[in-house]
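J.: 3D, please:
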Amino acid sequence: MQGSPGQEDYLHMKNIKNSADLGIGKDELDLTVDPPPDLAVEIDVTNESFSKFPIYATFGVPESWRYIDNRKSVVMYALRDNAYMEIQASRSFPLVTPETLARFIEQGHAEGRKKTLGSFCHWLRSQ
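T.: From the prediction side, this is the model:
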């Protein structure tokens with residue numbers, strides 16, 4: 001639950017055959033042969049991730065989450081008609097809302113990653 005300004009992570013969740021299909025172990029993702037990620041996760045200290053949205057849309061990344069550090073909040077977006085629209089819950093993880101995710105990120109800052117991961121898993125099981 002740590003990040004640096006402008007840090008991003010990309011996740012693949014669909015159509016996984018093996019790690020080679022995802023470019024795992026590669027230094028760079030080659031989108032001419034590797035599938036696009038299913039989810040882009042950004043940690044914003046500034047609004048720099050907005051400039052990446054057209055790139056994500058071009059590659060067909062269906063969902064993007066932004067953690068906005070100065071507001072301690074999460075905003076989730078889904079790709080619709082080649083543009084990102086704000087959504088109230090993840091399409092990939094329907095139980096996860098921006099408020100829930102922000103709460104666990106802040107808990108991670110205060111209590112550490114390991115304890116927060118345990119709390120998050122407990123929360124998931126209780127849903």
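J.: can you map out the strands along the protein?
T.: For the chain, applying DSSP state E gives strands covering 8-11, 39-44, 63-68, 73-80, 83-87.
J.: relative to Glu111, which of those is closest?
T.: Minimum separation from Glu111 across the strands of the chain (Cβ to Cβ) falls at strand 63-68, 16.9 Å. The way it works is simple: take the backbone N, C-alpha and C, and place the C-beta from them, glycine included.
J.: ok, back up a step: so can I have TSV of the strands of the chain showing mean neighbour count, distance to Ala57 and mean pLDDT?
T.: Below are the strands of the chain laid out as TSV (neighbours: other Cβ atoms under 10 Å; distance: least, Cβ to Cβ, whole Å; pLDDT from 0 to 100):
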stretch	mean neighbour count	distance to Ala57	mean pLDDT
strand 8-11	15	14	50
strand 39-44	21	11	87
strand 63-68	22	9	92
strand 73-80	18	6	95
strand 83-87	14	7	95
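J.: bridge partners for the residue most central in space within the chain, pull those for me.
T.: Centroid-nearest residue in the chain, with Cα atoms, centre = their mean: Val41, separated by 2.7 Å. With DSSP bridges as the criterion, Val41 is bridged to Asp9, Trp65.
J.: follow-up on the earlier one: which one of the strands of the chain lies nearest to His122?
T.: Going by Cβ to Cβ, the one of those nearest His122 is strand 73-80, 19.8 Å.
J.: which regions of the chain lie under the pLDDT threshold?
T.: Scanning the chain with the threshold set as pLDDT under 70 gives 1-27, 29.
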